[in-house]
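>>> My questions are about this predicted structure, shown below with the sequence.
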Amino acid sequence: MLVLDRDLQRGCRSVAPTKAAGAPQICVVFATRGRPSLLGQAVAAIERQTCRPASIIVSCPSPDDAAPVLGRPDVTVLCEATGLAAQRNVALRQVARDTDIVVFFDDDFLPRADWLECVAETFARHPDIGAVTGDVIADGIKGPGLSVAEAEALIAGAPAEARHWMVDSYVPYGCNMAFRWSVISDHRFDERLVLYGWLEDRDFGAALERNGARIVKISSAVGVHMGVKSGRVSGRKLGYSQVVNPLYLYRKGNMPLGAVADHLFRNIASNLGRAFRPEPYVDRRGRLYGNLRAMGDILRGSIEPERAGNL
């Protein structure tokens, strides 16, 4: 449902990037692997936010993954796990008790300078909201990817809207999602969704919504997902997850059958149709192989997302 929020009509205020008395305690989390330069740029973008976070946590498999921010007193680096869901859970265990909002950014997501401020104001104005996703005005994951310069230009050129909108019952998008800490403090990501996670954001959001949390998307929190291709999992593993993970979520009650069918059809059809003339940045044959392996396992009665890690 689309709602024009009267409280958001004026947009977000422009304030100095200093912590004001009574400002919300925000923790920003990055789960990253093998892309230290991107991480450094992502943390630099946080430093330009008009509403500065109280803490930044980087969760990664190796210290090398966080080289640009190692030793910084304002960044906590945790090297305890591999896999998106597991890395996020490591970070959640370290979130301070007095935190109000936890934000998850991908290392290749560039938020506009007022992203955190707009999200914080949304939580403050709507106590019933448990999760917020911003407006991704361009998504490089759907193409060859975008450079930092391209992302910055897109954000700079984004028009200032006269009216801001809010969409209810929106699935959180993992590259830019924020949660009220009091709502998620006892929740964790499903670590059976290994590697890249694939639908871990939908799974997490569905569990919250089933418990009564309101989940929204807002137009005022603008950003660009660059969709950088380095550091991604193999086509075979991703293809396996494309088939098994939605069925696993359906079995858990966290994805409706119609959405599962649509997800399976679109991904399998894309991989099959482009297997012989693939895009240079997508391993279509690898994904198709993973799709077929997953279907074989399902026909044998096995729906185990963690098997993707063995391909």
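Thanks, I have it. Residues are numbered from 1 along each chain as shown.
>>> hey, where'd the strands end up in the stretch 1-150 of the chain?
Using DSSP state E, counting those that start in this stretch, the strands found in the stretch 1-150 of the chain span residues 2-4, 26-31, 55-59, 75-78, 101-105, 109-111, 129-139.
>>> Check which helices and strands the fifth one sits against.
Of the remaining helices and strands, those touching strand 101-105 by 3 or more C-beta pairs under 8 Å, 6 or more residues apart in numbering; DSSP states H and E are strand 26-31, helix 115-125, strand 176-180, helix 181-184. Every residue, glycine included, has its C-beta placed from N, CA and C.
>>> How far off centre is the helix or strand following the last one?
Right, helix 181-184. Next helix or strand after helix 181-184 toward the C-terminus (DSSP states H and E): helix 200-210. Centre-to-centre, helix 200-210 and its host chain are 12 Å apart (C-alpha atoms, centre = their mean, to the nearest Å).
>>> can you map out the strands along the stretch 201-311 of the chain?
Going by DSSP E, counting those that start in this stretch, the stretch 201-311 of the chain shows strands at 214-225.
>>> closest one to residue 85 among the strands of the stretch 1-150 of the chain?
Taking C-beta to C-beta, strand 26-31 is the member of those nearest to residue 85, at 8.6 Å.
>>> So what touches the closest one?
39, 42-43, 46, 51, 53-60, 84, 87-88, 91-92, 95-96, 99-107, 116, 120, 181 (C-beta atoms under 8 Å, 6 or more residues apart in numbering).
>>> Show me which positions of that strand end up buried.
By neighbour count on 16 or more other C-beta atoms under 10 Å, the buried set for strand 26-31 is 26, 27, 28, 29, 30, 31.
>>> same deal with stretch 195-213?
Quick answer for stretch 195-213 (16+ other C-beta under 10 Å): 195-209, 213.
>>> Make a ChimeraX selection of the buried ones in the contacts of strand 26-31.
Selection of buried members from the contacts of strand 26-31 for ChimeraX, criterion 16+ other C-beta under 10 Å:
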select :39,42,43,46,51,53,54,55,56,57,58,59,60,84,87,88,91,92,95,99,100,101,102,103,104,105,106,107,116,120,181
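>>> and which of the buried residues of stretch 195-213 is nearest residue 300?
residue 198 (20.9 Å).
>>> Quick check: the nearest residue to the closest one once chain neighbours are set aside vs residue 221, distance?
Once flanking residues are discounted, residue 198 sits nearest to residue 241: 3.9 Å by C-beta to C-beta, 6 or more residues apart in numbering. Using C-beta to C-beta, to the nearest Å, residue 241 is found at 28 Å from residue 221.
>>> Kindly report the same for residue 288.
Distance from residue 288 to residue 221, by C-beta to C-beta: 36 Å.
>>> In terms of neighbours, single out the busier of the two.
residue 221 (27 against 23; other C-beta atoms under 10 Å).
>>> Test my guess that residue 225 contacts residue 138.
Yes: proximity of residue 225 to residue 138 meets the contact threshold set by C-beta atoms under 8 Å, at 7.3 Å.
>>> Neighbour count: the two, which is higher?
Higher neighbour count among residue 225 and residue 138: residue 225, with 24 against 19, using other C-beta under 10 Å.
>>> which ones are touching that one?
106, 108, 109, 136, 138, 139, 140, 141, 175, 176.
>>> List the residues that contact the first one.
Read it as residue 106. Residues in contact with residue 106 (C-beta under 8 Å, 6+ apart) are 30, 42, 174, 175, 176, 225.
>>> which stretch among the strands of the stretch 1-150 of the chain comes nearest residue 147?
strand 109-111 (10.3 Å).
>>> Show me what the closest one is packed against.
By 3+ C-beta pairs under 8 Å, 6+ apart, strand 109-111 packs against helix 36-47, helix 148-156, strand 214-225.
>>> in its sheet, what does it sit against?
Strand 109-111 has its sheet partners listed here by DSSP bridges as strand 214-225 (antiparallel).
>>> Could you pull up the contacting residues of the residue most central in space within the chain?
When C-alpha atoms, centre = their mean is applied to the chain, the residue found nearest the centroid is residue 174 (1.5 Å). Taking C-beta under 8 Å, 6+ apart, we find residue 174 in contact with 84, 104, 106, 197, 200, 201.
>>> ditto for residue 285
Counted by C-beta under 8 Å, 6+ apart, residue 285 has contacts 235, 275, 278.
>>> one step back: closest one of the contacts of residue 225 to residue 78?
Set against residue 78, the nearest of these by C-beta to C-beta is residue 106 (16.9 Å).
>>> pLDDT score assigned to the closest one?
At residue 106, the pLDDT value in this model is 98.
>>> shaky segments in this protein?
1-21, 161-163, 231 (pLDDT under 70).
>>> Please parse it into its domains.
According to automatic domain parsing, the chain comprises the domains 2-225, 235-300.
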